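Enquirer: Starting from these lines, generate the structure:
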Amino acid sequence: MVDASAQTAGRVTGGLPHVFLHIGTMKSGTSYIQHVLRRNRTALEAAGLLVPRQRLVPAVADVLNRKAKKASRDHRGTWDIVRREIERWHGGPVILSQEFMSAADEAAARRIVASFEPRRVSVIITARDLVRVIPSHWQTSVKQAKTVSLGEFVRVVQDESADPMPKLARGFWKHHDLARLIGIWGNVVGTDHITVVTVPPSGAPPVLLWERFASVIGVDPAMYDATADQTANFTLSYTAAELLRRVNERLGDSISPVDHRRVVNGFVANTVLRDDSHERAASDRARLSPVTHAWAVQRGARMVAAVAASGVKVVGDLEDLLAEPPTGDPTDTTEPGPLEESPDAAVTVIVALVQRLVKAELALGPEGPDVGAREETGPASAIPPPVPAGPRPSPQIRRRRADGGQSSMPDLDLVDEDD
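Expert: Okay, here's the model as predicted:
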């Protein structure tokens, strides 16, 4: 067994810890990596590595100067809390993992790195093939109240020559264009301080990604619990995701972004639809048409060439970023639909229930029951919890529940944010 504390020796520069920034990309196993880091925080600290306790979603929003469109509280000053925690740390490496750092332009990247001076900073980029990323990113946008269909999402993302490029496409490529990310962060920390970690192909055990990541931060992966969190960053079936998209359309601006996050995403998607999706996700998954699939493979090949030419370190195999060629009619441009079409009546009922739940919470005030709450472990319930007898939970506890602790789903609209 490798001694992790010995591995981390030498990871200190001038008596100051080495800072690793895991900046994404989105939909590249970041939630899994973050779960493993949090679950093993105490063991990692004992081995000389710091995983900051401050929630990084609001902290990154703060350093990127983003507005809290979907936040239930102000996030200003939270990046300084992270910085001060690192300043108090006198051990070995520090690991900050938050995929929204991939949205940084060069000025923001310089702000982030400068906040840790004179510590040495290295950047880790996890990357996944576009054939899997595109449908996954679309589903995330639906969970964030977007109404664009998968077909329209694909059409917009493909047209990189559009002038001006639509906001949706700019947001997507800001997070997923590896050449852009390497260019920006290479100008700040140097390409010799960037490592690209490839996500293994479909069917590979999740622990393989952790093993690759652990090799970069200098720990023995076998020493830590790398079990996947079944409650984090769930995948809906295509039928459920399309139903949620139609609910978003019907709701429009009738509820606030905060209420959408808590009631629609936190309860309807995260509790009701996810349990139905669990059994059918494999057979009813959003997929690309053969023509779009072939384009994604070709676009991925261009990114692979850019990574190879950049000189950054690569852990894994760049071939992992090239999906298998498409099957089916090579001229077929129609994006496959969901396994089932949800009836209009279902959309109508869900919209009415959401609006009623939001009004009920508003009527009860800040100490009413939180229908978006879900325990991090244990079975889900498709029925909102009853109001408990006795004193109601404090607003602080309710906000904590709504956030799900270090939730993988953002409470800030950074997914398709555009500068």
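
Enquirer: all helices for the stretch 101-250 of the chain, in order.
Expert: Counting by DSSP state H, counting those that start in this stretch, the stretch 101-250 of the chain has helices at residues 106-114, 130-143, 150-158, 167-176, 178-189, 207-217, 238-251.

Enquirer: Quick check: which of the ones you listed is nearest to residue 302?
Expert: helix 178-189 (8.1 Å; Cβ to Cβ). (C-beta placed from N, C-alpha, C; glycine too.)

Enquirer: how many other residues sit next to residue 216?
Expert: Residue 216 has 18 neighbours, counted by other Cβ atoms under 10 Å.

Enquirer: no wait, residue 22
Expert: Using other Cβ under 10 Å, residue 22 is surrounded by 27 other residues.

Enquirer: gap between it and residue 51?
Expert: Distance check for residue 22 against residue 51: by Cβ to Cβ, to the nearest Å, it reads 11 Å.

Enquirer: one step back: could you dump the helices of the stretch 101-250 of the chain to a markdown table with distance to residue 79 and mean pLDDT?
Expert: Shown next, in a markdown table, are these (distance: least, Cβ to Cβ, whole Å; pLDDT from 0 to 100):
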| stretch | distance to residue 79 | mean pLDDT |
| --- | --- | --- |
| helix 106-114 | 8 | 97 |
| helix 130-143 | 23 | 95 |
| helix 150-158 | 30 | 94 |
| helix 167-176 | 19 | 93 |
| helix 178-189 | 16 | 98 |
| helix 207-217 | 21 | 97 |
| helix 238-251 | 31 | 94 |
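
Enquirer: Contacts only, for the nearest residue to residue 154 once chain neighbours are set aside.
Expert: Closest residue to residue 154 apart from its sequence neighbours, by Cβ to Cβ, 6 or more residues apart in numbering: residue 292 at 5.3 Å. Applying Cβ atoms under 8 Å, 6 or more residues apart in numbering to residue 292 gives the contacts 134, 154, 158, 333, 335.

Enquirer: Figure out how far the helix or strand harbouring residue 292 is from the centre of its chain.
Expert: Using DSSP states H and E, residue 292 sits within helix 290-310. Distance of helix 290-310 from its chain centroid, counting by Cα atoms, centre = their mean, to the nearest Å, is 22 Å.

Enquirer: re earlier: which of the contacts of residue 292 are buried?
Expert: If you count burial by 16 or more other Cβ atoms under 10 Å, the buried members of these come out as 134, 154, 158, 335.

Enquirer: nearest to residue 17, of those residues?
Expert: Comparing the buried ones among the contacts of residue 292 against residue 17 with Cβ to Cβ places residue 134 closest, at 37.1 Å.

Enquirer: Flag the shaky bits of the protein, pLDDT-wise.
Expert: Scanning the chain for pLDDT under 70 picks out 1-14, 67-73, 230-233, 275-282, 363-419.

Enquirer: The longest strand along it versus helix 178-189: what angle between them?
Expert: Scanning the chain for the strand with the most residues, using DSSP state E, yields strand 121-127. Counting by axes from the mean of the first three to the mean of the last three Cα atoms, to 10 degrees, strand 121-127 lies at 170 degrees to helix 178-189.

Enquirer: Checking residue 25 next. Helix, strand or coil?
Expert: At residue 25, secondary structure determined by DSSP: H, G, I helix; E, B strand; the rest coil is coil.

Enquirer: Now residue 94: phi and psi?
Expert: Residue 94 adopts backbone torsions of phi -110, psi 130, taken as degrees, to the nearest 10.
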